[in-house]
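Visitor: Fold the following.
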Amino acid sequence: MTVDRDTFERDVQDALDHLYDPAYLLVHPLATVLVPPGSAEPPQRALHRILREAIDALKPPPGAPPHSPSWRIYRYLSLRYAEMLTIAQVASELGISPRQCRRDHHEAIAAICSILWEQRVHGQPGPSPPDAPGQSTEPNGALLEAELGKLGSSPPTVGTLLSQVVDSVAATLSALAARKHVKLVVAVSSELPPVAVERAALRQILLETLLDAIDHGCGGEVSLHAVADSRRVRLDVIARSRPSAEGAQAIDGAQEDARLAVSRRLADLQGVALSVSQQKGSFVVQLTLATAETPVILVVDDNADVLSLFRRYLDSLYDVYPATTGEQALRLASQIRPDIITLDVMMPSQDGWEVLQMLKHDPSTAHIPVVVCSVLRERELALSLGAAEFLAKPVTAEHLRAALQRCSTTA
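Guide: Numbers count the residues shown, from 1 in each chain. Purely as a prediction, here's the structure:
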């Protein structure tokens, strides 16, 4: 099929916007261009895979600076399309302005289009589709296991908010559910305690589980309910179908088994208990997740705007305690024993260097990782005085969270 570059770019953008909508991708014009004729792989699945592989191809090599433009573009694509966040949410995650995020959007789409244009339209070699005639399925099984292992083995360093992940997954699947005449009912409170599961892994577990539930619930309803005790959160996904309703269809048993296999494998890797049952005509998946104690962070800065910004960056992940002076910081550090401290340097009365020295000389606080955040580029001095990390102001959400994650991992 002949296609001009402008049309191709518009089609790529449109397909990415519907990446998790199989019915939409099935008839998408890009499938005709990118999926090889005679492929044994269903067009919608092949197009989804090709787009995800193009995003993965933009991941910078090991050793690339984390603040480099290539990392920002890759992170943008992962958040915007793999996790289906809005542009405003991506901007908040990356700690950049919506205007900068829109600029990154255009660069990211151009990068994806360049890869696909060269690999597919101009006949450059690209990844082979799975299950092609005459090929063994074993390498693809190994590839899937490698991908699941990489995703599932990511350690949860801070608590994940189940309600946010459920809402995100429900938004991703809302169009598909509507096409199958399924009503999604979500009753997952934002007051539930954080759970000890890595966010991306939990999203994938829920995506595969809900895709199965939507098939079982054709013409009916899929509901999600969660309850918590002191140590666990139990999430029930219940599908109730009306076979006579418009849109009801037979369930593909092989596809169901494959989805459940993915969900079970990721659940096992993340320490999540998953059970499936049929109860009074309903398809029920029950997930039991361990709760995560929310870590405490002490943010020390005499600038109220910085305190507000850091609270916005961290409020869903940490219990945030502010301190505006060195004296207040030392008193709170001794009282609440935070898991991590962020410390400004330029403060009145007692500067951050003195505070850092006093923290490290006090046996009750010496073990607490300190992240120095300053407009002064004195990284070497900060580390010499015992700081675990140094961040130059202005600090982005991405860099702050990455530094805190490193501190949590090595603590």
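
Visitor: Next secondary structure after the helix or strand bottoming out on mean pLDDT in the chain?
Guide: The helix or strand of the chain with the lowest confidence, counting by mean pLDDT, DSSP states H and E, is helix 138-152 at a mean of 56. Next along the chain after helix 138-152, taking DSSP states H and E as the criterion, comes helix 162-179.

Visitor: For the next helix or strand after that following helix, buried residues please.
Guide: Beyond helix 162-179 on the C-terminal side, the first helix or strand identified by DSSP H and E is strand 183-187. In terms of neighbour count (16 or more other Cβ atoms under 10 Å), strand 183-187 has its buried residues at residue 184. No exception for glycine: its C-beta is placed from N, CA and C like everyone else's.

Visitor: what does stretch 319-326 give?
Guide: Buried, per 16+ other Cβ under 10 Å, within stretch 319-326: 320, 321, 322, 323, 324, 325, 326.

Visitor: and the third one, bridged to which residues?
Guide: Read it as residue 322. residue 299 (DSSP bridges).

Visitor: is it true that it touches residue 315?
Guide: No: at 11.5 Å, residue 322 does not count as touching residue 315 under the criterion of Cβ atoms under 8 Å.

Visitor: Any regions of the stretch 201-350 of the chain where pLDDT drops low?
Guide: Along the stretch 201-350 of the chain, segments meeting pLDDT under 70 span 230, 243-257, 316.

Visitor: hang on, the earlier thing: can you redo the buried residues of stretch 319-326 as JSON lines with distance to residue 355?
Guide: Listed next are those as JSON lines, based on distance: Cβ to Cβ, whole Å:
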{"residue": "320", "distance to residue 355": "18"}
{"residue": "321", "distance to residue 355": "15"}
{"residue": "322", "distance to residue 355": "14"}
{"residue": "323", "distance to residue 355": "9"}
{"residue": "324", "distance to residue 355": "12"}
{"residue": "325", "distance to residue 355": "9"}
{"residue": "326", "distance to residue 355": "4"}
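
Visitor: Please enumerate the strands of the stretch 151-300 of the chain.
Guide: With strands called from DSSP state E, counting those that start in this stretch, the stretch 151-300 of the chain shows them at 183-187, 221-228, 232-240, 273-279, 282-290, 296-300.

Visitor: Surely residue 367 is within a helix?
Guide: No: per DSSP: H, G, I helix; E, B strand; the rest coil, residue 367 lies outside any helix segment and is coil.

Visitor: How much space separates it from residue 51?
Guide: Distance from residue 367 to residue 51, counting by Cβ to Cβ, to the nearest Å: 46 Å.

Visitor: Now do the contacts for residue 306.
Guide: 344, 393 (Cβ atoms under 8 Å, 6 or more residues apart in numbering).

Visitor: So what does it have for phi and psi?
Guide: Main-chain torsions, residue 306, degrees, to the nearest 10: phi -70, psi -40.

Visitor: count of residues packed around residue 312?
Guide: Each residue near residue 312 was counted by other Cβ atoms under 10 Å, and the total is 13.

Visitor: Sorry, slip of the keys, the one I care about is residue 99.
Guide: 9.

Visitor: next one: residue 338
Guide: The burial count for residue 338: 23, using other Cβ under 10 Å.

Visitor: Wait, it touches residue 299, no?
Guide: No: using Cβ under 8 Å, residue 338 is not in contact with residue 299; the gap is 9.3 Å.

Visitor: and for those two, which residues touch both?
Guide: residue 321.

Visitor: domains for the chain, by residue range?
Guide: The chain breaks down into these domains under automatic domain parsing: 5-127, 162-290, 296-410.

Visitor: coming back round to it: which one's more surrounded, residue 367 and residue 51?
Guide: residue 51 (22 against 10).

Visitor: The more buried one falls within a strand, correct?
Guide: No: per three-state DSSP, residue 51 lies outside any strand segment and is helix.

Visitor: Going forward, count from 50.
Guide: Happy to do that; since the first residue is 50 now, the last one works out to residue 100.

Visitor: residues in contact with it?
Guide: 61, 64, 65, 68, 130, 161.

Visitor: Of the residues you listed, which is the nearest to residue 423?
Guide: residue 130 (35.5 Å; Cβ to Cβ).

Visitor: In contact with the closest one, which residues?
Guide: With Cβ under 8 Å, 6+ apart, residue 130 has these contacts: 65, 68, 100, 104.

Visitor: before we move on, back to that, possible to save the strands of the stretch 200-349 of the chain as TSV with distance to residue 211?
Guide: Listed next are those as TSV, based on distance: least, Cβ to Cβ, whole Å:
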stretch	distance to residue 211
strand 232-236	11
strand 270-277	6
strand 281-289	6
strand 322-328	15
strand 331-339	7
strand 345-349	21
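
Visitor: Can you say which of these is nearest to residue 448?
Guide: Of all the strands of the stretch 200-349 of the chain, it is strand 345-349 that lies closest to residue 448, at 14.9 Å by Cβ to Cβ.

Visitor: just checking, what packs against the closest one?
Guide: For strand 345-349, the packing partners by 3 or more Cβ pairs under 8 Å, 6 or more residues apart in numbering; DSSP states H and E come out as helix 353-363, strand 368-372, helix 375-385, strand 389-393.
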